[in-house]
Structures are given as C-alpha cells and as structure tokens.
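**Q** Provide a 3D model corresponding to the input given below.
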Amino acid sequence: MTSYVSIAFNVPLPALTYIAPAGEPCPVGTRVVASLGRRSLAGYVVENPERPPLGVGPLKTITRVIDGGPVFGPDYLELAAWLSERYDCSLGESLAAMIPGGRRESPIPELPIADEVPAEEPELSPEQKNAVAALIAAGSGLFYLHGVTGSGKTEVFLRAARATIESGRGVIYLVPEIALTHQLVAAISIRFAGETAVLHSRLTPSQRLGEWRRIIAGEARFVIGARSAVFAPIADLGLVVIDEEHEGSYKSGSTPRYHARQVAMKRCAEQNAALVMGSATPSVEAWHLMNTGRLTRLDLPHRVSGGSMPAIEVVDIRNESSPISRRLSDEIRATHAAGRQTILFLNRRGFAYFFHCRSCGYEHRCTRCSVALTYHKNRDTLVCHYCGYTTRPIAVCPECGSLDVGYGGFGTERIEEDVARLFPELTVARLDTDAVKKKGVLERTITAFRDHEIDILLGTQMVAKGLNFPGVRLVGIVLADSGLTLPDFRSAERTFSLIVQVAGRAGRFAPDGRVIVQTMRPEHPAIKRAVAGDLEGFYREELAVREQLGFPPFSRLMRVVARGRNREEVEAAADEYAKAVARALGADADDGGSEILGPAECPIANIAGNFRYHVIVKTRFFRRAHRAVTAAVRDGRKNRGVYLELDIDPVSLL
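**A** Below you'll find the predicted structure:
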C-alpha cells in the first residue's frame, strides 16, 4: 500500500506531497531528503495524508530518510504554524528556524569549570529572597526582575529554576550572547549536573542535534542558550528566563523575523508557565508594561558582592586632541598603579569609520551600499560592514584629484593603537567581531583578563555583556553619543542603556569603581540621565515622547521593505503597496487607529546593489492591521522584480 507524506521545505512554498519509501516509516516530525525542482533539499514531514491531493500530477518518492525518529511532535507544529502566520513565512521556514540542521548527533565538549564559580550557593539578600518566593508561589504569569548591575539577578533566576525542576517541570534560560556567559554556563552545569543542555550557534549542527535529542528524551530539563533556544522541545515547560531583556539580539534579523520575547510569552501562556525577564535597563516597552501592571515588577536595588555603584564623570571631548582624553588617561594610570584593571568601550569597529578627501570632502563609499566604508588599518583595507565589499584605500581623490586623502573618525583599532602608544607598559587586548573571528580567541581573551594578564580590555558591545570581573576599577566610554545620530526612534533608548550597562562593569566587588563618559553632546537628555542613574526620569521623558508620536509601546509597528535592482520599480512597488494597505485598513486608517508612514527611502537606501524603500504601519488594532499588511505583502510579491520583506515589531528602522 502506498504511503504519502506532506513535506515542508525551508523555502517560501506550502508543504508538498510525496510518496514515502516502501517499508520506511515517515511519521510527523521526521526529516527527509527529497527533490524539489532540480534541487535535492532536506525537509520536514508535517502530515501523513491518507490520499494525495486532487488534481496533482505524478508524485515523486522521497530520496531518503534522515532521522531514525521524529525531531518534533505533532503539538510542536502548532507553534511552527503560529510562527508562520505571525511573521509571514512558510511552515518550512519556521521549522528551519526552530530545529537544528545536523544530520547526525555528536556530543558537545565538556565545559571547563571556571575557578571563580563558587562551590556553594551564596546567601541571598532580603530582596532576592522576596523575589524568589514570589516566583515560586506564583508558578505562572509574567514577571520582571529589575535590579541595578551586580544586584544578583542571576542568583534569583537560578533559585527559581531549581524550584521549577524540583516540581518536575522544565526551564529555558535565554541569554543575549552565549559566548560571553561562560561563568553562568559553568555555574548552571555545576548546580544542574546532568540535567543541562546548551543550544547556541557556536556549536556545530551535529552538536546542536545531539543536545536537541537529549531534550526530547527528557534527559535535560534545563536548557540555556541564545535566541533560538526559546524553541527547545521541553515537554512540560514551567519557567522561561530572558536575561538582559533589553538586548536587540533577541530579535531575528532573517526570516522568520521573530522576537524571542513574543515566542516566550506564547509558549508560557499555552503551558501555564512563568516568564521572568530581567535587566538593569528594561526596554521602554517592558517599563511601560511594569507601570501598567501587565508585568509584575520585582526589584533588586542594591549590589550584593561588596561593591557599590561607581562614581560617574562626564568629559566633554570637543576640545580634546585625542580620542583618549587627558582625564581618562590620568584615571587609567591611577587604576594601574592601584593594581586594578580598565575596560574601554567604543561601539565602532575598525580603525576609522570613513575615508575621505580633505580638500573637497569626497567620501569613499561602498559601490553596492549607500554607506561609508570602514578603514581597517591592520589589513590596509576598506570594508563595508553591510555587504562585505572590500577595496584598497584610494591615493588620489577621484573628484578633485587631490592627494590629501585619509581616514576620519575612529574605531576600536584606532583606540587600540592610541592606547598602546600612550601606555606602552600596559597590556592591551581588543574584543570585537574582527578580533574574535578565529575560534577560541574570545574565550582566551576573557580568561586572560580575568587572570589579570591583561591591563586594559577594549571592545564594542561585547564588553558590555555578561562580564563580571573583580579586578575592574575603571570603565571608560570613549564616545558615548555615537548612536544618537541614527535616524531611529530607539536611538536615545539604546544610548542610555549602553552607558548604564557598560558603567555597570565597574566596582562590582569593591566600592571604588569609576566611570569616565566621553561625549561631544554632554547636554543630551539620554546621556545626562544615564550618568545620573536617573532611570525614572529617562523612562518618563521617553514614554511622553513616544506617546506624543504614537510609537511603541503606544502602538505596534509593521515595516515592509521593498528592495530590488531597479530604483523606479522598487519605488513604484512601495507606493502601490502603501495604497493597497490603506485600502485594506479602511476605517482603521480613517479614525486614527492605524497610520501609514511612507513610502520613503530607507535610511540605508542601498545594500548589496539593492535599492530599498520602506512603508511603516503604526496601529492600535494589531490583529486587523496584521491581516491587512500580510495580505498586501503576499499580493505584492507577485512582482518578480521587487522583493517585499515584512518585519513585525521591528527593533531597527535603518
């Protein structure tokens, strides 16, 4: 008897029907290989129909079965279907984002236990005890653990996780970047020995599949990982933790463009589980939800490891001759003399972030993107950080013929060079995407800094996340306002959060921490509030502005980017799309419930040779607007020369 299977592939197509190989069972959840057109692709069995669909031609037979057993169950399909509908992608694209792609299982390497991981659980402060008790007593619901940097949020999460596992339920613990949480992973491995699974992109596909199988088998009930770990197939989910909830890395930048926070809320609601988020700098949306009572707020107002909040000082660098101000230089020397360490933060990679002619102002830009090329001095190369284009620096200006050409601005490479010149007796290391491309560099650098083999650690956002070193006395923010010029309504929020988070690396174990905030805009409210530690004031002002403009959390956003090789076609498609959405929204747009912004050129108007226009829909009626927007996108995708890219709840509008 012929058996049929419906297969969902990682392509924007619905599931297709095939014939199962004779004698080989293909239950729902099994991965198989089958031909699609001229390609041979891996896909997911999502149904076992009794008969083929009407009106189709001869069916193909599956090439081979990958798995000896399902990698997901029928109930897991409901989550995939929700993801597909919410974020406008195919069922196969949803499943590909959720499930590891390895063809065979392999174990992950044993985690070395860091020396600084305590063998015993620390004594809780009264505030920590109250927070743990509240989470255990509730058992379900939405919570936010708001505490200053170093206040012991992690310990609260781990105690709540222990209670959840002892009750027979499972835990998912999300972190923004797994590679920077070695100490946390080691602590979890000790406390939950034999029960822990790790899911993150630094594992091989086969290693991730091995961990996935352990979770399905019930061998691991505590899963720690980055964004995609929110899909871990824990059977009886009791608790989801989202550490550093404000981080943008919880939002996927490719199809499906989901946010882990939304997926976690969905899973917790369906399984009657608790969701607890935490940060010293909550997202503006989370702060609003706390104030309106939709999130239960738990506070940790004090540091717990003997430290105190650092003294923060603002330095106006408009009249400084070097990116390292005299004041910051003095503090670096004083810190070294005291036998302590320094972290320097700058949110720009490379040596300089533009290469230009000093005579006429010509700026050397990417040939395929509307952005300036970043100069990397160690490679003597200009690089586009959007499409990867590289070229050599120019020697003669193509506009005016001047020989007076060179770089402007500064990135982490330039600061590394300046620091080495100013402090030749100190050991300096750099942490950014370029520096850690080779495997093991990140881990070795962090270990060396922890062991006091490095005096100054310089880096981008990597040094703002998860670093907890007793030796750090001084944190220097080289240029605090680099993100304020971005044309994005979240730029002030990101700047405020970065300053507070980076400053929080200082003085975590001793009361003498110091922070130097260098800026060209010392009067900007986000910088003034961050330096003063005035969270209430910042969120109050930011929410007032958002409410006046109708931006989140007072609306939901949906952004559609039209991109293609022909500018006129892209602009016309974006214009037609905006009109189609307006027609579909009808009364919602007329009475102010929804508003259409655009079409307009994206702030980054060209990436990799594709012209980009976007349309933004602001709405107070999400479900109705979502139906209108997704229907218009699907109809608009019939234009083969232009691709429409939908982003629900975007975190960036660039």
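**Q** and residue 420, how many neighbours?
**A** 14 (other C-beta atoms under 10 Å). (C-beta placed from N, C-alpha, C; glycine too.)
**Q** give me the buried positions along whichever helix in the chain runs longest.
**A** Longest among the helix segments of the chain by residue count, using DSSP state H, is helix 567-585. Buried residues in helix 567-585, counted by 16 or more other C-beta atoms under 10 Å: 570-574, 576-578, 580-582, 584-585.
**Q** for that helix, the distance to its chain's centre please.
**A** Taking C-alpha atoms, centre = their mean, to the nearest Å, one finds helix 567-585 lying 30 Å from the centre of the chain it belongs to.
**Q** who's in contact with it?
**A** 560, 562-564, 589, 594, 596, 598-599, 610-615, 617, 619, 624-625, 627-629, 631-633, 635-636, 639, 641-642, 644 (C-beta atoms under 8 Å, 6 or more residues apart in numbering).
**Q** want to try a markdown table for the buried residues of helix 567-585, with pLDDT and distance to residue 13 as columns?
**A** Converted to a markdown table, the buried residues of helix 567-585 look like this (pLDDT from 0 to 100; distance: C-beta to C-beta, whole Å):
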| residue | pLDDT | distance to residue 13 |
| --- | --- | --- |
| 570 | 93 | 24 |
| 571 | 93 | 28 |
| 572 | 92 | 26 |
| 573 | 91 | 22 |
| 574 | 92 | 25 |
| 576 | 91 | 24 |
| 577 | 91 | 22 |
| 578 | 90 | 27 |
| 580 | 89 | 23 |
| 581 | 89 | 24 |
| 582 | 88 | 29 |
| 584 | 84 | 24 |
| 585 | 84 | 28 |
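**Q** can I get these in JSON lines with distance to residue 383?
**A** JSON lines is the format used below for the buried residues of helix 567-585 (distance: C-beta to C-beta, whole Å):
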{"residue": "570", "distance to residue 383": "26"}
{"residue": "571", "distance to residue 383": "29"}
{"residue": "572", "distance to residue 383": "33"}
{"residue": "573", "distance to residue 383": "31"}
{"residue": "574", "distance to residue 383": "29"}
{"residue": "576", "distance to residue 383": "36"}
{"residue": "577", "distance to residue 383": "33"}
{"residue": "578", "distance to residue 383": "35"}
{"residue": "580", "distance to residue 383": "39"}
{"residue": "581", "distance to residue 383": "37"}
{"residue": "582", "distance to residue 383": "41"}
{"residue": "584", "distance to residue 383": "42"}
{"residue": "585", "distance to residue 383": "42"}
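**Q** next one: residue 291 relative to residue 551, how far apart?
**A** 17 Å (C-beta to C-beta, to the nearest Å).
**Q** quick one, which of those two is more surrounded?
**A** Higher neighbour count among residue 291 and residue 551: residue 551, with 18 against 14, using other C-beta under 10 Å.
**Q** mind listing what the more buried one touches?
**A** The contact partners of residue 551, by C-beta under 8 Å, 6+ apart, come to 489, 557, 618.
**Q** kindly report the same for residue 653.
**A** Residue 653 makes contact with 487, 488, 489, 559, 603, 614, 616, according to C-beta under 8 Å, 6+ apart.
**Q** again, only this time at 10 Å
**A** The neighbours of residue 653, taking C-beta atoms under 10 Å, 6 or more residues apart in numbering as the test, are 486-491, 557, 559, 561, 597, 602-603, 614, 616, 647.
**Q** please apply the same query to residue 545.
**A** By C-beta under 10 Å, 6+ apart, residue 545 lies in contact with 284, 489, 492, 525, 551.
**Q** out of the contacts of residue 653, which is nearest to residue 96?
**A** residue 647 (18.1 Å; C-beta to C-beta).
**Q** state the distance from the closest one to residue 560.
**A** 8 Å.
**Q** between the two, what contacts are shared?
**A** In contact with both residue 647 and residue 560: 88, 614, 616, using C-beta under 10 Å, 6+ apart.
**Q** correct me, but the last one touches residue 625?
**A** Think residue 616. No: if you go by C-beta atoms under 10 Å, residue 616 and residue 625 don't touch, sitting 11.6 Å apart.
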